[in-house]
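K.L.:
Fold the following, please.
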Amino acid sequence: MSTTTLAAKNSPERVQDTTAGPVTLRRTVVAEWIKFRGLRSTRWTLVAMVALLVAVSVLAAWGTTTQMVDAGPGLGNVAQYVTAGYQLAQLAVAVLGVLAMGGEYSTGGIRTTLATVPRRWMVLVAKAIVLGGSIAAVTLVSMVASFVATMPFHDTLGIELDLGDSEVVRMLVGLPLYLVAISLLALAIGGLMRHTAGGLTLVIALLLVVENVIALVPLRLFDLVSPFLPMTAGSKVLFDSDTLAAIDNMNTGPNLSPWLGFAVLVAWAVTLLALAMVALRRRDA
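P.N.:
Modelled structure (predicted):
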C-alpha cells in the first residue's frame, strides 16, 4: 500500500497538476481583475460614479421642467439628460484610474506584481483592460438607471428616446467611450507619477484647472491650444447640435467636430499610456 501511494505521488500526472502555467496576458488580466474588485475603494468609487450620473440626470430633468412656462415642451432630448452628469462622473473615474496604478506604488504592491509578471507591458495592458471594461459596464448600468429615473419627466418635457436619431446615438455611445478614455488617461498619469496624491492632483488640474485658466487668458496661443485639451475636445461627443453651435460661436480657435474631438482625447490617453509603458520598463519599482 505504501509503494502504491509513493508511486502515485511521483507519477508524471501528479507533477503536471502542481506545475504553474506560463504567465500570459489572459492570466494577468484575471489577476488584475481579482485585485481590482477586491479593493473597497473600487466599490465605493463606482457606487459614487453611478450615484452622480443618476442624481445629476434627475436634477437636470427636474430643473428643466421649471422653465416650461416660458419655453414650452420639447426642451433637449433624452440623451442630453442621461449624460448630464459626465463632469462629476469623470472625477470618480479619474480617481479610480489613478488608484489602479498609483495605489500599487504607494503600498509597495507593485514589486510583487512585477516580480510575478516579468514582461511589464502585460501589467499595464491588463490594468487598462480591467479598468476600461469595468468603467464601460458600470456606465451602461448608470445610463439605464438614469433613463428610468428621468422617465417621469419625459412627458412633461415633451421628449422621447429616438434611437433613429444619429445625434442621440452619438451622445449615448459617447458617454461610456468618454469615461473610459478619461480612466485610461488617469491610469497613465498614475503610472507616470507613481504616487496617488500627485497623480490625482495632476489629473484634476489637467481636466479642470488648466482648461479654465486658459479660457480666461486672452492670448491667441491659448485660443489655439484650448480646443485640443482633453476634456474640451473629448466632451464634444456628449453635446447636442445646439450646444455645439453655441460653443463654436464663442470659440476663437479651431472648431473640432464631435468625433474628431474625441479622437484628440484618445490621442492624449494613448500617448500618456505609451510614456507610462516606457517608464514602467525602464524604472525600478
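K.L.:
Please enumerate the strands of the chain.
P.N.:
Under the criterion DSSP state E, the chain contains no strands.
K.L.:
any weak-confidence spans in this structure?
P.N.:
1-21, 67-75, 215, 218-219, 284-285 (pLDDT under 70).
K.L.:
again, only using 80
P.N.:
1-21, 66-76, 106-108, 211-223, 250-253, 283-285 (pLDDT under 80).
K.L.:
In it, spot the helix with the most residues.
P.N.:
What stands out as the longest helix in the chain, according to DSSP state H, is helix 120-157.
K.L.:
List the buried residues of it.
P.N.:
If you call a residue buried by 16 or more other CB atoms under 10 Å, then helix 120-157 has these buried ones: 120, 122-132, 134-136, 138-139, 142-143, 145-147, 149-150, 153, 157. C-beta coordinates here come from the backbone N, C-alpha and C atoms, glycine included.
K.L.:
Repeat that for stretch 260-276.
P.N.:
For stretch 260-276, by 16+ other CB under 10 Å, it's 261-262, 264-266, 268-269, 272-273, 276.
K.L.:
right, and the pair among those with maximum separation?
P.N.:
261 and 276 (23.1 Å; CB to CB).
K.L.:
show me where the stretch 51-200 of the chain has helices.
P.N.:
68-71, 78-82, 86-107, 109-116, 120-157, 166-193, 196-204 (DSSP state H, counting those that start in this stretch).
K.L.:
And the third one, what does it pack against?
P.N.:
It stands for helix 86-107. When contacts are defined as 3 or more CB pairs under 8 Å, 6 or more residues apart in numbering; DSSP states H and E, helix 86-107 sits against helix 40-65, helix 109-116, helix 120-157, helix 166-193, helix 196-204.
K.L.:
Need the nearest residue in space to residue 59, chain neighbours excluded.
P.N.:
Closest residue in space to residue 59, ignoring its immediate chain neighbours: residue 84 at 7.9 Å, by CB to CB, 6 or more residues apart in numbering.
K.L.:
try residue 29
P.N.:
residue 126 (4.5 Å).
K.L.:
What distance do you get for the one you found to residue 84?
P.N.:
Distance, residue 126 to residue 84, by CB to CB, to the nearest Å: 33 Å.
K.L.:
now swap in residue 270 and tell me
P.N.:
Remark: distance between residue 270 and residue 84 (CB to CB) = 28 Å.
K.L.:
Much appreciated, bye for now.
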